[in-house]
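Q: here is a sequence with its predicted model. Questions after.
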Amino acid sequence: MSWGYHLILDCSDCNLESITDRTTINNFVVTLIERINMTAYGSPQIELMLVGTDNEGYSLLQMITTSNITAHFVNSTKAAYIDVFSCKDFDTSQAIHTVEEFFSPTSIKSNLIYRQA
């Protein structure tokens, strides 16, 4: 039995309009939480980071009662780096489907780590 499930998604060539829109990112995390049967703890933090650099883009932090969901979107490369970490098991295919629906990446590299100290 694992203590935690950590889904790591590296997404390339995402829809630029989607990854640069705070409302879309907010709607994504709200939908993701519902679809993978998690409970949000507070509101998501969504901030434009590293303005004026090659890594400029929104970063997302959403606490969930079983851990967190984080993401960073890179405008210049249209990449998205999304992590879902939870001590509660969740449907990874549903998480990937939600990423595809909201950000339309041309490819996703996924890695699932079973965490145990």
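A: Received, thanks. Quick caveat, the model's predicted, so the values are computed rather than measured. Numbers count the residues shown, from 1 in each chain.
Q: how about the strands in the chain?
A: 4-12, 45-49, 57-64, 67-74, 79-86, 107-115 (DSSP state E).
Q: for this structure, longest helix please?
A: helix 22-35 (DSSP state H).
Q: quick check: angle from that helix to strand 79-86?
A: Interaxial angle of helix 22-35 relative to strand 79-86 (axes from the mean of the first three to the mean of the last three C-alpha atoms, to 10 degrees): 30 degrees.
Q: check which helices and strands helix 22-35 sits against.
A: Contacting helix 22-35 under the criterion 3 or more C-beta pairs under 8 Å, 6 or more residues apart in numbering; DSSP states H and E are the following elements: helix 16-19, strand 45-49, strand 57-64, strand 67-74, helix 92-103. For the C-beta atoms, the positions are set from N, CA and C on the backbone; glycine is no exception.
Q: run through the neighbouring helices and strands of the longest one.
A: Where contact means 3+ C-beta pairs under 8 Å, 6+ apart, helix 92-103 is packed against strand 4-12, helix 16-19, helix 22-35, strand 79-86, strand 107-115.
Q: the residue sitting nearest the centre point of the chain: what's it in contact with?
A: The residue lying closest to the centre of the chain (C-alpha atoms, centre = their mean) is residue 82, at 3.4 Å. Under the criterion of C-beta atoms under 8 Å, 6 or more residues apart in numbering, the contact list for residue 82 reads 8, 9, 11, 69, 70, 71, 99.
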